[in-house]
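[1] Provide a 3D model corresponding to the input given below.
(one chain, ligands or ions: 1)
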Amino acid sequence: MKRMAIAAAAMLLAVATIRAAQPAPPAETPEQRDKRMAWWREARFGMFIHWGLYAIPAGEWNGRKVGGIGEWIMNSAGIPVAEYEKLVQQFNPVKFNAREWVSIAADAGMKYIVITSKHHDGFCLWDSKVTEYDIMATPFKRDVLKELAEACAEKGVVLCFYHSIMDWHHPDAQAIGYPRYNNAPPNPNFPRYVETYLKPQLKELLTGYGRIGVLWFDGEWIKDWTEPMARDMVAYLRSMRPDLIINNRVGKGRKGMQGMSDPGFSGDFGTPEQEIPATGFPGVDWESCMTMNNTWGYRKDDNNWKSTQTIVRMLIDCASKGGNFLLNVGPTAEGLIPEPSVQRLREVGAWMKVNGEAIYGTSASCFKRLPFGRCTRKPGKLYLHVEQWPADGAIVVPISNKVNRAYLLADRNTPLAVAAAGDAGVRISVPASAPDPIATVVVVEIEGAPQVLATPPLRQGADGKITLRAADADITGSARLESKGGEPNIGFWTSAEDTVQWRVQVDRPGRFAVEVLYACESASAGSEYQIIAGSSTLSARVEATKSWNDFAVARPGHITIDNAGVITITVKPVKKPGQAVMNLRRVTLTPAAP
Ligand code: FHN
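    Sure thing, here's the model as predicted:
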């Protein structure tokens, strides 16, 4: 009862101070922002932990499998609050060991941990003074976040909290009696939830658990939450922790799973989810979060684990585009990180032990693309992550810089031979077979800033085909590469002035059948465009596909390339009746009979 009285008093006090919106934090100079973001940009790699009551059902309810991600079971199975609350009495993770979790993260090369202090179900993993719906009401009766904070401090890992704005348990936050909690109608008492519950709990987390690096908001998409509320929240949090980093899900600018907001929305970094942007965003901080299987919260039936190679290459991909990688684990109700996750993290750690220098504190690649893999950079150094090992014993790097040294990061005392390669750049001899099949890092120490040579033209295939991929295109205008998982496409093609081009070395001219792999929702169909190859032009029209994400092949006709040599192939809109021209994934020219 004492805790309830305290909670009531806290609520009254908070209500009394509700009205005064927070004064905006002082404007931050770019230098101040860089200082605040420095540790996070250096870190590049973190552990996401989704853990809570949902680990008990672990994907099943009343003896039946429930589809979807494990932490959503309360919504997915339509479990009434009173029934879901009973899980509190079952939560007793007797095998939880904070030091063990933090060691697994640190040994994997992860520099920060983001754990769900409260997920959408509203259950709190810490001893909160403003609710009984927390870890202290369980048989476990230990403040998990306190133990994790101590273990992180001992190990030098930065502790961060994921905190859901959406709350399916609090009566002022979720619609009463609404059968599905997500996207329920707005609750008129939501402002009271924000001022007397959400803010006080965030204050507990920011002032009672040592250094907190990031507040990772989520569940911001609900109608109750607004951008003005986000700005007020940021001001409130900064008044307590001026150095706090806050993700862009504190506001309304996230743009779904793509996670990259436009300027003007709140938050310090973009949050692509289950995807990695097709390109970097110069000057923009972002972090891709990814599961190791398919679920964030534990599901006993989800054994669809990504390979260690896939995980490491995702980390490299993010770093090569100037972003961070937040890799998730979903511990069991006993408090154990699933063994398949532990095994993969151990193997990732082995790679990071040798190659961490090529990830931590690096900046994005200076190349649009490389045929053998990816690149990260530090001043005077290029780290070439070779994923496709060359058959001819060398890699060619399109730079004109003087190369001082080249070596394998795994064997820095053995120089690699470097030779000029004309207008292609420099040729670096490498061992006959890949020292590390996951990715071998070749370090090239250069004089001055990278002087990148023009990207070599695309080559015609041995079969005479010319394959023009979105990722290889030069785009003019506001259209940009986007990846929705799988092969990227050119999207946001909202201006008819935007064009897409490829430079191609044609060794076998002639007549070609043209195929266009694209997507276009019906409301935007009808654009007309030209495919121009040298002096030959083919006109085409965009027909509707099922959606912006459903790709189909159009066969607009044939085009003739008269002579061998380097030509430019352009896709140029001539009419755009709808919102955008199309999402263009690929153009293929296949040799055809004359
Ligand atoms: O709904 C959540 C989901 O449960 C999970 O927490 C992910 C991880 O970022 N975020 C939301 C979905 O975008």
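[2] give the burial count for the residue nearest to Gly210 when sequence neighbours are not counted, as a bare number.
    Setting aside the residues directly before and after it, Gly210 is nearest to Ala149 in space (CB to CB, 6 or more residues apart in numbering), at 4.8 Å. To be clear about C-beta, it is placed using only N, CA and C from the backbone, and glycine gets the same treatment. Neighbourhood size, Ala149 [other CB atoms under 10 Å]: 21.
[3] what's near enough to touch whichever residue of the stretch 251-400 of the chain sits closest to the ligand?
    Nearest to the ligand in the stretch 251-400 of the chain, going by CB to the nearest ligand atom, is Trp296, at a distance of 4.5 Å. Trp296 makes contact with 48, 50, 69-71, 328, 330, according to CB atoms under 8 Å, 6 or more residues apart in numbering.
[4] next one: Tyr383
    357-358, 362, 375-377, 409, 441-443.
[5] strands - which of these land there?
    Of the contacts of Tyr383, the ones assigned to strands by DSSP state E are 375-377, 441-443.
[6] what's the most distant pair in these?
    Arg377 and Val442 (13.1 Å; CB to CB).
[7] the more surrounded of the two?
    Per other CB under 10 Å, whichever of Arg377 and Val442 has more neighbours is Val442, with 24 against 21.
[8] list the contacts of Pro398.
    367, 424-425, 452-456 are the contacts of Pro398 under CB under 8 Å, 6+ apart.
[9] for whichever helix or strand the residue nearest to Gly210 is part of, packing partners?
    Ala149 belongs to helix 144-155 when elements are defined using DSSP states H and E. Applying 3 or more CB pairs under 8 Å, 6 or more residues apart in numbering; DSSP states H and E, we find helix 144-155 packed against helix 98-107, strand 112-118, strand 158-164.
[10] tell me the one of the contacts of Pro398 nearest the ligand?
    Phe367 (30.1 Å).
[11] leaving aside the residues next to it on the chain, what's closest to the closest one?
    Cys375 (5.6 Å).
[12] I figured that neighbour was touching Ser363, is that so?
    No. In this structure Cys375 lies outside contact range of Ser363 using CB atoms under 8 Å: 10.2 Å.
[13] ok, the residue nearest to Gln451 when sequence neighbours are not counted - contacts?
    Computed as CB to CB, 6+ apart, the closest residue to Gln451 that is not its neighbour in sequence is Ser400, at 4.4 Å. Shown in contact with Ser400 (CB under 8 Å, 6+ apart): 425, 451, 453.
[14] buried ones among those residues?
    Buried members of the contacts of Ser400, counted by 16 or more other CB atoms under 10 Å: 425, 453.
[15] so can I have JSON lines of the contacts of Ser400 showing distance to the ligand?
    As requested, the contacts of Ser400 are exported to JSON lines (distance: CB to the nearest ligand atom, whole Å):
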{"residue": "Gly425", "distance to the ligand": "40"}
{"residue": "Gln451", "distance to the ligand": "40"}
{"residue": "Leu453", "distance to the ligand": "39"}
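[16] okay, the contacts of Ser400 in a markdown table with distance to Leu538 next?
    Shown next, in a markdown table, are those (distance: CB to CB, whole Å):
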| residue | distance to Leu538 |
| --- | --- |
| Gly425 | 34 |
| Gln451 | 37 |
| Leu453 | 31 |
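[17] the ones in strands among the contacts of Tyr383 into CSV, with extra columns for pLDDT and distance to the ligand?
    Shown next, in CSV, are the ones in strands among the contacts of Tyr383 (pLDDT from 0 to 100; distance: CB to the nearest ligand atom, whole Å):
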residue, pLDDT, distance to the ligand
Cys375, 97, 28
Thr376, 98, 25
Arg377, 98, 28
Val441, 98, 29
Val442, 98, 34
Val443, 98, 34
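[18] of Cys375 and Ser363, who's got more company?
    Under the criterion of other CB under 10 Å, the comparison of Cys375 against Ser363 puts Cys375 first, with 25 against 15.
[19] and that one, what are its bridge partners?
    Leu384 (DSSP bridges).
[20] and the gap between it and Cys366?
    7 Å (CB to CB, to the nearest Å).
[21] okay, and the common contacts of those two?
    Joint contacts of Cys375 and Cys366 (CB under 8 Å, 6+ apart) are Leu382.
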